[in-house]
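Asks: Provide a 3D model corresponding to the input given below.
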Amino acid sequence: QVQLVESGGGLVQAGGSLRLSCAASGSIFSINGMGWYRQASGKQRELVAVITRSGSTNYADSVKGRFTISRDNAKNTVYLQMDSLNPEDTAVYYCNADIPQPTGYSRRYWGQGTQVTVSS
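Replies: Here you go, the predicted model:
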């Protein structure tokens, strides 16, 4: 089975930084896209950033210029560097990974989520 384990969340003051990590383990031959989503209390889960295996990235408009997604394919790990945090970034952050299956299709796996709280 495949597991995604996130780390790096916590409490930070506005203007501060945090770095999230998400490591995938288990029966993994390769990983296609990886990404980060977030869900604030009472709101729907939303895309934060995604990265392809080759390193192409895409960001939500609300985090462009402040957040940076990266990955280490050798470690099956994706990172999210978050700078200039503001209270609107407070949410549970989830990582995901699209992993090819023997059927030829990819299956999306999710981490358990890590809380990020930004105080004003």
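Asks: Tell me the secondary structure at the most centrally placed residue in the chain.
Replies: By Cα atoms, centre = their mean, the chain has its centre lying nearest to residue 36, at 2.6 Å. At residue 36 the chain is in strand, as set by DSSP: H, G, I helix; E, B strand; the rest coil.
Asks: ok, and the closest non-adjacent residue to it?
Replies: Nearest residue to residue 36, sequence neighbours excluded (Cβ to Cβ, 6 or more residues apart in numbering): residue 48, at 4.3 Å. C-betas here are computed from N, CA, C, even on glycine.
Asks: Repeat that for residue 69.
Replies: Residue nearest to residue 69 in three dimensions, not counting chain neighbours: residue 49, with 3.9 Å by Cβ to Cβ, 6+ apart.
Asks: likewise residue 40?
Replies: Spatial nearest neighbour of residue 40, chain neighbours left out: residue 91 (4.2 Å); criterion: Cβ to Cβ, 6+ apart.
Asks: List the residues that contact that neighbour.
Replies: 38-41, 43, 116 (Cβ atoms under 8 Å, 6 or more residues apart in numbering).
Asks: what does residue 113 give?
Replies: Residues near residue 113 by Cβ under 8 Å, 6+ apart: 6, 39, 92-94.
Asks: tell me the mean pLDDT over stretch 64-79?
Replies: The pLDDT scores in stretch 64-79 average 97.
Asks: what's the first-to-last distance across it?
Replies: 15 Å (Cα to Cα, to the nearest Å).
Asks: Could you tell me how many residues sit around residue 27?
Replies: By the criterion of other Cβ atoms under 10 Å, residue 27 has 7 neighbours.
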